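Q: Below is the sequence, then the predicted model.
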Amino acid sequence: MGQTLTGLLTSVRARAGRPGTPPRTRPGDGPDPALLAALRLCGDHLAALAASGPLTDARRTRLIASIGALTTACSTPGADAFDALLRTGQQALDSGGDAEARLALALAGEATALRARSKGAWRLRGNALDALGRGEEAITAYERHLALQQNPAASRDVERRIATLRAAGDRIDEAMALFPGEGSENGAEGIRLSRHLPAAEARAAFTELVRLRTTQRGAAGPAVRRLAALYAEHRRLSDRDPMADPLLGGAEPVGVPGLRRLVAGRTVCVVADTPRTAEQEQRPGSSLAALIEGYDLVVRCDAVRHAAPTARTDLHAVTLRGEAPWKDARWDRRAAARLVFGDPLPHWRLALRSRLVPGAQDRIGDATLRRPLHDPALLAEAGEGAGEGPASTAYTVLRLLDFLGTPARVDLIGFEGPAALSPREREWIGSRTGTTDATAVRITLR
C-alpha cells in the first residue's frame with residue numbers, strides 16, 4: 001500500500017497542484033477550482049497518512065480508494081466528479097478519526113461552493129460538523145438540507161438529530177439559568193459552559209458545574225436536583241438520539257426551553273369555551289372573531305365542546321382528572337402544540353399514549369411541563385391550591401406563561417359567568433391585570 005499511496009499522492013499533486021497553485025481561469029482548462037481545491041485537500045491528507053507509517057486500517061484504505069476515484073473523475077471529461085466528491089467526503093467521515101472528519105468538512109465546503117442547492121452536500125456538511133461536536137453549526141447545515149429535500153420521509157433521521165442537538169443545548173441553557181446572578185463569588189466564573197461549545201468541552205464543563213454546585217449547596221436542594229437531572233438528560237442525548245415514539249404520533253416533545261421559544265415575543269389569548277363566546281366567534285363579521293384572529297397564539301383548554309371543530313387552536317392545554325384519565329375521549333382537535341398537565345407520572349404517560357391522535361399535534365409538552373404549579377424547578381409555592389381543590393387548566397396556563405416571561409402580551413377572553421375562575425385564581429389575575437375590556441370580555445395581564 002505504501003507504493004500505491006505514494007503513486008496516488010503524485011497523481012493528485014500533478015492534477016491539483018500544491019497549496020498556493022494559481023487556479024485555472026480560462027474555460028476548458030480543467031475541473032472547477034473548487035474541485036481542484038478538494039483534490040489539494042485530499043493530497044494533504046494523503047501526505048499525512050504517508051508520513052504516519054504503514055496502513056492497517058481498512059476504513060482508511062477505502063478512503064484512499066475513494067480519493068483515487070475522485071482523482072480519476074476530475075481527469076476524465078464527462079465524468080461526474082461532484083458525486084465522487086460527495087462519496088469521498090462520506091468515506092472520510094466513515095473512517096472515524098478527527099482528521100478524517102475535518103477532511104470531510106472541508107470537502108463538504110467545496111461541494112456547497114460548487115452546488116449551493118445540493119441537499120447531499122449540506123447533509124455531508126451537517127454530518128461532519130456533528131462528528132466534530134459542533135452541534136449548533138450542524139443544525140444550520142441540517143436545516144439547509146431539509147429545506148432542499150423534496151421527500152420528507154427520507155430525512156426523518158435528520159429531523160430527529162436536529163431535535164436531539166437542540167434538546168441537548170436546551171438542557172445546558174436551563175442548567176445555566178438555575179442559579180441566576182451567581183458567578184465570581186462562588187467560583188462559577190471559571191466554568192465556561194455554553195450550547196455553542198464543542199460537545200466534548202460542553203460535557204466536561206457540565207460535569208464540573210454539577211460537581212461545583214453539589215459541593216457548594218449539597219445534593220438535596222431542588223435546584224441542584226434539577227441540575228443533576230439536566231446533566232443526566234444531556235449525557236443521554238449526547239450518547240444517542242431519542243427514539244421516535246410511534247405512540248406519540250410523530251409529535252415532537254418540547255420542554256420548558258422549547259415552550260419559551262415558542263411563545264417568545266408573541267401575543268397570546270386564552271379563550272374560554274362558553275356558548276356565548278363560541279356563538280360570537282362563529283358569527284360572520286364578528287368583532288370577537290376578528291379580535292381572536294389577530295393574536296399570534298390562540299390557547300384553548302380541556303374538552304372544547306362549544307367552539308367549532310375548525311376554530312383556530314394553536315395551543316391546546318388539558319388537565320387530567322379522575323382516577324383513570326387515560327380512558328377519556330381522545331384529543332383529536334388539531335393544535336400546533338398540546339400541553340397535558342397531570343400526576344402521577346405513570347398516569348400521565350398512559351394518558352398520552354392512549355389519548356393522543358397521530359397528526360393532531362406537531363408538538364407535545366414533555367414530562368418537565370406536566371405539573372408546573374407543583375414542580376420545585378418551576379412554580380411550586382407553599383400552600384398552592386390549598387382549600388380550593390385542583391387549579392383550573394386556564395390558571396395553570398397563565399401561571400406557566402407568566403413564569404416563562406417571554407410572551408409580548410397575554411389576554412383572557414370570555415372568562416365570565418360559568419367560565420369564571422375561582423376566587424384564589426381571580427385574585428392572582430387581579431394583581432396582574434393591566435386593562436379590562438368589557439365589550440370583548442377581555443382581561444390583559446401586565
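A: Happy to help now that I have it. Numbers count the residues shown, from 1 in each chain.

Q: Could you check how many residues crowd around the closest residue to residue 404 other than its chain neighbours?
A: Leaving aside its chain neighbours, residue 404 sits nearest to residue 260 (4.8 Å; criterion: CB to CB, 6 or more residues apart in numbering). All C-beta spots, glycine's among them, are computed from the backbone N, C-alpha and C. Applying other CB atoms under 10 Å, we find 20 residues neighbouring residue 260.

Q: I'd like the distance between residue 260 and residue 370.
A: Distance, residue 260 to residue 370, using CB to CB, to the nearest Å: 16 Å.

Q: One more: residue 347?
A: Going from residue 347 to residue 370 by CB to CB gives 10 Å.

Q: Comparing these two, which residue is more hemmed in?
A: Neighbour comparison, residue 347 and residue 370: the larger count goes to residue 370, with 23 against 17 (by other CB under 10 Å).

Q: what about the longest helix in this protein?
A: Under DSSP state H, the helix in the chain containing the largest number of residues is helix 156-177.

Q: Name the residues that touch that helix?
A: For helix 156-177, contacts defined as CB atoms under 8 Å, 6 or more residues apart in numbering pick out 123, 126, 130, 135-136, 138-139, 142-143, 145-146, 149, 193-195, 202, 206, 209, 226-227, 230-231, 233-234, 237-238, 241-242, 244, 252, 255-258.

Q: Sort out which of those residues are buried, if you could.
A: Buried residues within these, defined by neighbour count using 16 or more other CB atoms under 10 Å: 123, 126, 130, 135, 138-139, 142, 145-146, 149, 193, 195, 202, 206, 209, 226-227, 230-231, 233-234, 237-238, 252, 255-258.

Q: Just to be sure, which of those residues are found in strands?
A: Within those, residues falling in strands by DSSP state E are residue 252.

Q: Out of the contacts of helix 156-177, name the ones that lie in helices.
A: Judged by DSSP H, the contacts of helix 156-177 include 123, 126, 130, 135-136, 138-139, 142-143, 145-146, 202, 206, 209, 226-227, 230-231, 233-234, 237-238, 256-258 as members of helices.

Q: Identify the residue nearest the geometric centre of the protein.
A: The centroid of the chain falls nearest to residue 166 when counting by CA atoms, centre = their mean (3.4 Å).

Q: Select the longest strand from the chain.
A: Ranked by residue count, the top strand of the chain under DSSP E comes out as strand 335-341.

Q: Skip ahead from it and say which helix or strand is next.
A: Using DSSP states H and E, the helix or strand that follows strand 335-341 towards the C-terminus is helix 345-355.

Q: who touches the very next helix or strand once past that following helix?
A: Past helix 345-355, further along toward the C-terminus, the next helix or strand under DSSP H and E is strand 361-365. Applying CB under 8 Å, 6+ apart, the contact partners of strand 361-365 are 248-249, 251-255, 258-259, 262, 316, 331, 334-340, 352, 356.

Q: where do the strands sit along the stretch 251-400 of the chain?
A: 252-254, 267-271, 297-301, 315-319, 335-341, 361-365 (DSSP state E, counting those that start in this stretch).
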